[in-house]
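Novice: can't give you the sequence, but here's the structure:
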């Protein structure tokens, strides 16, 4: 069976050259599937592995727009519709200069298993553009979004594909995208999530991914007869995920001592709390993409060009971006006594880092399980839109916590069932895969 898996992986790399992020995501999942394929030979017979790595559809298009000086600019737009076996395509749009087809395919592939784990009827997709909203005026962002949606609207719909926000796509961008969609289709529906509260958005959606990460970490710690009360926590990033995580860690009695950005990281031994959390929002809104101002304002230590994994903490929550925590970082965390690493970003740990955590026997959970709270709350927003009925904050938060507890239980039980108890990576991959694979079998050759 190992030879078969390696053969499919080699084919993926040959058919998709120069896409290292996609290769990494596929390998991470495939490395855990041997016991599943041994128990279910029908998956191999039906070529489920070969089919699940191939997007059902990829749309690539040009996005012309005019800047404030009257100059015409051109960006590239994408939508990867990865898998619709259990529901309409669902996944965010990312506007960032680093966006490539490889990154979007890796994110869409991860989304298959993440959405499956939520138990909600959501397929997997991802999209975006190499457009950078930072430094652009509101009018420039609006013109870009309108041009982007003028092509994208042909490929989405409430029962086809429901995009959301991601890096570079917040409530402002979703608003401009939705406005153009409504103009073109003459429909007001739930085709986008992450909407403003005034026009169909869900309470706690911006914080939901971070909240979910912390809820998952709390459940992990309970398996070791402890919790977040009194724990020292390292968080990377300072965007929505990190912001939500910091809020929830504080609510559950922990202390966050780090934040990070492209310029370096901040170490605040007094804890990121109170007005400091509010300042995170100001940093994010400033478009400077720096955390140094936090250190200057609150007299914390700033480490230029460094990552926060050298600080002695109990829990690490990487919430910034892919491959931000490597093998050396992992060894440093383990050496310093870290007992739990819960991914808030998508694939923030390299394969070698994950190997270090698994061999050390510390608690480690992949993003496809731990950060599923964001897409889960998007699913809750879709439900509210369908009913034309907003839920109060407490109800959304309660449902989110229940979903994260259910995902945790599924990962634990699946890992035990397949002979790898305590391995959240295997539990998440296998549980997410089996549900989608069975749906693909049920629906025939599609």
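Specialist: Now that the structure is in, tell me what you want to look at. Quick caveat, the model's predicted, so the values are computed rather than measured. Numbers count the residues shown, from 1 in each chain.

Novice: Please tell me how far stretch 372-382 is from the chain's geometric centre.
Specialist: Distance of stretch 372-382 from the chain centroid (C-alpha atoms, centre = their mean, to the nearest Å) equals 11 Å.

Novice: ugh, wrong one, stretch 139-152
Specialist: Taking C-alpha atoms, centre = their mean, the mean C-alpha location of stretch 139-152 is offset from the chain mean by 24 Å.

Novice: show me the biggest helix of the protein in terms of residues.
Specialist: Ranked by residue count and defined by DSSP state H, the top helix of the chain is helix 393-417.

Novice: helices and strands of the chain: which one bottoms out on pLDDT?
Specialist: Here the helix or strand of the chain ranked lowest by mean pLDDT, DSSP states H and E is helix 275-285, holding a mean of 90.

Novice: other SSEs contacting that helix?
Specialist: Using 3 or more C-beta pairs under 8 Å, 6 or more residues apart in numbering; DSSP states H and E as the contact test, the elements touching helix 275-285 are helix 240-251, helix 292-298. Heads up, the C-betas are built off the backbone N, CA and C, glycines and all.

Novice: can you redo those as a markdown table with mean neighbour count, distance to residue 59 and mean pLDDT?
Specialist: Shown next, in a markdown table, are the helices and strands packed on helix 275-285 (neighbours: other C-beta atoms under 10 Å; distance: least, C-beta to C-beta, whole Å; pLDDT from 0 to 100):
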| stretch | mean neighbour count | distance to residue 59 | mean pLDDT |
| --- | --- | --- | --- |
| helix 240-251 | 25 | 26 | 97 |
| helix 292-298 | 16 | 39 | 96 |
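
Novice: To residue 347, which of those helices lies closest?
Specialist: Closest approach to residue 347 among the helices and strands packed on helix 275-285 is made by helix 240-251 (13.4 Å; C-beta to C-beta).

Novice: Residue 261 pairs with what?
Specialist: Taking DSSP bridges as the rule, residue 261 bridges to residue 264.

Novice: list the contacts for it?
Specialist: Contacts for residue 261 (C-beta atoms under 8 Å, 6 or more residues apart in numbering) come out as 237-238, 283, 289-292.

Novice: Among those, which has the minimum pLDDT value?
Specialist: Across the set of the contacts of residue 261, residue 289 stands lowest in pLDDT, at 84.

Novice: re earlier: give me the distance from the least confident helix or strand of the chain to the chain's centre.
Specialist: 21 Å.

Novice: Residue 91 belongs to a strand?
Specialist: Yes. According to DSSP: H, G, I helix; E, B strand; the rest coil, residue 91 belongs to a strand.

Novice: Quick one: residues contacting it.
Specialist: Residue 91 sits next to 82, 107-108, 111, 115, 124-127, 163-164, 375 when contact means C-beta under 8 Å, 6+ apart.

Novice: Same check on residue 179?
Specialist: residue 146.

Novice: What distance do you get for it to residue 19?
Specialist: Noted for residue 179: a distance of 34 Å to residue 19, by C-beta to C-beta, to the nearest Å.

Novice: got any ranges where the stretch 251-400 of the chain has weak pLDDT?
Specialist: By pLDDT under 70, the stretch 251-400 of the chain has no low-scoring segment.

Novice: Would you mind listing the residues in contact with residue 248?
Specialist: 207, 210-211, 213-215.

Novice: what do you get if the cut-off is 10 Å, keeping everything else the same?
Specialist: Residues near residue 248 by C-beta atoms under 10 Å, 6 or more residues apart in numbering: 207, 210-215, 217-218, 228, 254, 256, 373, 397, 401.

Novice: out of those residues, which are inside strands?
Specialist: residue 256 (DSSP state E).

Novice: Now do the buried residues in stretch 140-160.
Specialist: In terms of neighbour count (16 or more other C-beta atoms under 10 Å), stretch 140-160 has its buried residues at 140-150, 152-153, 155-157.

Novice: now stretch 35-55
Specialist: 36-37, 40, 43-44, 46, 48-49, 51-53, 55.

Novice: repeat for stretch 120-137
Specialist: Buried-residue list, stretch 120-137, by 16+ other C-beta under 10 Å: 120, 122-133, 136.

Novice: And the pLDDT at the residue nearest to residue 145 when sequence neighbours are not counted?
Specialist: What sits nearest to residue 145 in space, not counting adjacent residues and going by C-beta to C-beta, 6 or more residues apart in numbering, is residue 176, at 3.6 Å. pLDDT, residue 176: 98.

Novice: does residue 176 count as helix, strand or coil?
Specialist: Secondary structure, three-state DSSP: residue 176 is helix.

Novice: measure it to residue 169 for me?
Specialist: Distance, residue 176 to residue 169, by C-beta to C-beta: 10 Å.
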